[in-house]
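Colleague: structure of the sequence below:
(2 chains)
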Amino acid sequence: MAVAEAPLELERAGRRVDWTPYLLVLPTAAYLAVFFVYPMAQAIWLAVSDPQSGALTLEHFRRMSEDLYFRQAIRYTVLITAIAIPLQVALGLTIALLVNTRFPGHSIFLYVCAIPIAISDLAAGLIWLSIFTERGYLNAFLDALGLTAQPITFLTYERPVWLIGAIVLTEVWRATAIVMIILVAGLQLIPKDYLETAQVFGARPWQTLWHVLLPLLRPSLQTALIIRTILAFQLFATVITLAGRLVPVLAGEAYFWYSLYRSPNVASAYATLILVLSGGITWVYLRALRARHEEVAGG
Amino acid sequence: MSVLRLSAILVAVVLVAGVSPGVGAPAQEIVFTSNQFTPVEEQEWARGTLLRRFTEESGIGVRFITEPEGPYVDRVLAEARAGRGTIDVTGTLHGIFPVFVAENAIRDMAALQRQLDARGDRTFYRDLRDVSRIGNIQAFIPWMQATYLIAARREAMRYFPSGRNPMRMTYDDLLEWGDNIRQATGQRRLGFPVGPRGLYGRFLHGYAYPSFTGSQVKGFKSAEAVEMWRYLRRLWGVTHPSSFVWEFMHEPLLTGEAWVGWDHTARLIPALRQRPGDFVVLPSPAGPKGRSFLSVVVGLAIPRVAPNPDAGARLIEYLTRPATQVATLQGVAFFPVSPEAARAVPTGGLRVMADGVSAQAGAPDARTALLPVGLGARTGEFVPIYVDTFRLIAIEGRDIPQTLATQARRLEDLYRATNAPCPPPDPPMRPCRPD
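Modeller: Sure, this is the predicted structure:
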């Protein structure tokens, strides 16, 4: 009898809702709700409500958009993102492919390339500041080679291109590693069979890369692009360190409106704008890369 | 993941709980918050020297929390609104107290002031006591004061305009000095803290404006102001182009990127400490309307909802003692608020600095400017109006009268919305309005 009853009970249990997965994600969900969703909702509320009356208002967005730094902050954030991210992806992909060839010493090379991950953006800014400043390493180096008579001022408002260049260089140095790590992981997930098949059909390395590796790497590229773009919209400490407020960026303006101008509402308006932009870009990436994926599958 | 996170939190909780009631902990602990002493070295000094002496003497432990202005003010106000406090003493700038008074967040310090006066061992400068009265109460006990000066490397002095007295410097002398250095060395060696958290805005509203126009706000777009901005454009032409990242002038002064730098005394003193023989300290320049300088007053108060107000009062008594004031000058270069303390002469770099301070304050054409008060929660918007004007005119090269007209409207809106009086040396009209 006991034997006959067992499957019946199992069947009944199967029909009941299984709470185990929900219980398992509960701590994470609670954590996210308390530390992310609630503050986010609060920030959005601050951005659209009047601090005195609590009525809905667009006043804070108006003050944000009329601010001297607003347009420049959007322009510079987009500009730095647009220059730095393609460079980071190209460089990250190159390093990942190089590591994937498993040349002798490739694991040491990988660790060395990954070092910047462990460095905070502020520290990265300070490192590069100590290189580019008038009494910095670069000037000392040029002077030792006898190339310059006087130290060169690299970081100056008189040469905005150099300023942007220094910021992009720092960003590339700092954040290429995370792209590389994601792509190395992605490359290792690709079964060797595909590459061997390509070899059998006589594909040259370039063709293998273009027609086999890159399409299979698309999900990893997507992840890397989304993470990097979202982080680029939060770009802040490196820029402040190297260029002060001469190159305003969105996250920096949110900080200044909160800490210097003491206006949490306008700071929240900036934060909301960053949220909307990040969300929008993520959606675009997801759509653009998925569409092409289906196209490939269909073709 | 969540198990890991939970255990990490658990470990952190155990560590924090295990460390705080350390061996030999004092019987009572009070909380002292401030937005001063934020640089790490100053925090170290406050905890390890200044407050430790108080704990040794009184048996009261002090937890010192220093934060940037934004979170600092929020914390005091949040405790007042919640009606339940943890802060026993708070110390901040004269200009922030109106925010606390408006929100009824601090006690009237008049009774404590009477107690301190009755001790007979300290008096406070009269003008500092005057500014501590805000609304109907005495908002704070004067604690320490500071100002802004010019520090120069000795090698820069030989380029100082010949026949002129550096201790009686004018704005024209400063421009010529910077230009002489540039012509002789090919480098611009004049420096200002124009970085995001630098105090260059104070130079504009508290030094240049009153020296050229006789006012901080009223003459904002006057003919004299237009003249001043023309001058500042020329001055910017001989100023080190990296000034826009500098926030503490002692750093470029020590590396030699800047030879002549204007900044807050506390942000110059590390250079003078390290190499007292290499620097001279000069008063800020004089303009057509006199030698204006800002006097920065820092005061101490007890929050309305403080849990241990009596222990807090003991800490204030200790902090304003003349001997403690001298130690504070030696520790963090904030100057005394009592003549009894000022008479105790410091040595070395501080001596150099003190000479500069007295040359500035004692000059026959001296004109004291005070930080604006009464702007309440919008206090933080005052300085950016001046810094933005500088950016538009000096860096972006916009038309001066037109820019001043636009920016004056912002200033007027700010003052009309808060119905605040003009800061001295402007006449005390309310609301203040640029002419």
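Colleague: which strands or helices does the one helix or strand residue B:386 maps to pack on?
Modeller: Using DSSP states H and E, residue B:386 sits within helix B:382-390. Helix B:382-390 is packed against helix B:200-202, helix B:400-418, with contacts defined by 3 or more Cβ pairs under 8 Å, 6 or more residues apart in numbering or on different chains; DSSP states H and E. (Each C-beta comes from the backbone N, C-alpha and C, glycine too.)
Colleague: residue A:287 and residue A:217, how far apart?
Modeller: Plainly put, residue A:287 is 19 Å away from residue A:217 if you go by Cβ to Cβ, to the nearest Å.
Colleague: more neighbours: which of those two?
Modeller: Between residue A:287 and residue A:217, residue A:217 has the larger neighbour count (other Cβ atoms under 10 Å in any protein chain shown), namely 21 against 10.
Colleague: in contact with the nearest residue to the more buried one once chain neighbours are set aside, which residues?
Modeller: Nearest residue to residue A:217, sequence neighbours excluded (Cβ to Cβ, 6 or more residues apart in numbering or on different chains): residue A:186, at 5.1 Å. By Cβ atoms under 8 Å, 6 or more residues apart in numbering or on different chains, the contact list for residue A:186 reads A:96, A:217, A:219-221.
Colleague: show me what contacts residue B:132?
Modeller: Going by Cβ under 8 Å, 6+ apart, residue B:132 touches B:94, B:97, B:109, B:138-142, B:297, B:299.
Colleague: got the residues you listed as a markdown table, with secondary structure columns?
Modeller: Output for those, formatted as a markdown table (DSSP: H, G, I helix; E, B strand; the rest coil):
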| residue | secondary structure |
| --- | --- |
| B:94 | helix |
| B:97 | helix |
| B:109 | coil |
| B:138 | strand |
| B:139 | coil |
| B:140 | coil |
| B:141 | strand |
| B:142 | strand |
| B:297 | strand |
| B:299 | strand |
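Colleague: still on that earlier bit, of the helices and strands packed on helix B:382-390, flag the one that's most buried.
Modeller: Of the helices and strands packed on helix B:382-390, the one with the most neighbours on average (mean count of other Cβ atoms under 10 Å in any protein chain shown) is helix B:200-202, at a mean of 21.
Colleague: ok, back up a step: now for the contacts of residue A:186: which two are most distant?
Modeller: Using Cβ to Cβ, those reach their maximum pairwise distance at A:96 and A:219, which is 14.2 Å.
Colleague: and the two? Which one has more around it.
Modeller: residue A:96 (24 against 13).
Colleague: surely that one is in contact with residue A:184?
Modeller: Yes: using Cβ atoms under 8 Å, residue A:96 makes contact with residue A:184 at a distance of 4.7 Å.
Colleague: list the contacts for the spatially most central residue of chain A?
Modeller: In chain A, the centroid-proximal residue (Cα atoms, centre = their mean) is residue A:228; its distance is 1.9 Å. Residue A:228 sits next to A:85, A:88-89, A:175, A:178-179 when contact means Cβ under 8 Å, 6+ apart.
Colleague: same thing but 10 Å
Modeller: Going by Cβ atoms under 10 Å, 6 or more residues apart in numbering or on different chains, residue A:228 touches A:81, A:84-85, A:88-89, A:92, A:171, A:175-176, A:178-179, A:182.
Colleague: how near is it to residue A:221?
Modeller: Counting by Cβ to Cβ - residue A:228 and residue A:221 are separated by 10 Å.
Colleague: what do these two both touch?
Modeller: Counting by Cβ under 10 Å, 6+ apart, the shared contacts of residue A:228 and residue A:221 are A:89, A:92, A:179, A:182.
Colleague: okay, and the second one sits in which element?
Modeller: For residue A:92, the element it lies in under DSSP H and E is helix A:70-100.
Colleague: and for the last one?
Modeller: With secondary structure defined by DSSP H and E, residue A:182 is part of helix A:160-189.
Colleague: quick one: that helix to helix A:70-100, angle?
Modeller: Put simply, helix A:160-189 runs at 40 degrees to helix A:70-100, going by axes from the mean of the first three to the mean of the last three Cα atoms, to 10 degrees.
Colleague: next, the buried residues of helix A:160-189.
Modeller: A:162-164, A:166-184, A:186-187 (16 or more other Cβ atoms under 10 Å in any protein chain shown).
Colleague: now swap in stretch A:31-41 and tell me
Modeller: If you call a residue buried by 16+ other Cβ under 10 Å, then stretch A:31-41 has no buried ones at all.
Colleague: do stretch B:268-287 as well
Modeller: Buried positions in stretch B:268-287, judged by neighbour count with 16+ other Cβ under 10 Å: B:268-272, B:278-287.
Colleague: among these, which are in strands?
Modeller: Among those, the residues falling in strands (DSSP state E) are B:279-282.
Colleague: a markdown table please, covering those residues and showing distance to chain A.
Modeller: Converted to a markdown table, those look like this (distance: Cβ to the nearest Cβ, whole Å):
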| residue | distance to chain A |
| --- | --- |
| B:279 | 17 |
| B:280 | 22 |
| B:281 | 23 |
| B:282 | 23 |
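Colleague: you'd agree the residue nearest to the centre of chain A is in a helix?
Modeller: Yes: secondary structure of residue A:228, determined by three-state DSSP: located in a helix.
Colleague: measure residue A:242 to residue B:196 for me?
Modeller: Distance, residue A:242 to residue B:196, using Cβ to Cβ: 12 Å.
Colleague: anything in contact with each of the two?
Modeller: residue B:245.
Colleague: so between the two, which is more surrounded?
Modeller: Ranked by neighbour count (other Cβ under 10 Å), residue A:242 and residue B:196 place residue A:242 first, with 25 against 20.
Colleague: and that one, what does it touch?
Modeller: With Cβ under 10 Å, 6+ apart, residue A:242 has these contacts: A:124-126, A:128-129, A:132-133, A:154-155, A:163-164, A:166-167, A:169-170, B:245.
Colleague: the residue of the stretch 1-150 of chain A found nearest chain B - how many residues pack around it?
Modeller: In the stretch 1-150 of chain A, no residue comes nearer to chain B than residue A:27, which is 3.7 Å away by Cβ to the nearest Cβ. Residue A:27 has 14 neighbouring residues, counting by other Cβ under 10 Å.
Colleague: with residue B:365 instead?
Modeller: So residue B:365, with other Cβ under 10 Å, has 13 neighbours.
Colleague: same deal with residue B:169?
Modeller: Residue B:169: 22 surrounding residues under other Cβ under 10 Å.
Colleague: do residue B:187 as well
Modeller: The number of residues packed near residue B:187 is 15, by other Cβ under 10 Å.
Colleague: tell me who's in contact with it.
Modeller: By Cβ under 10 Å, 6+ apart, residue B:187 lies in contact with A:134, A:150-151, A:153, B:181, B:240, B:256-257, B:259.
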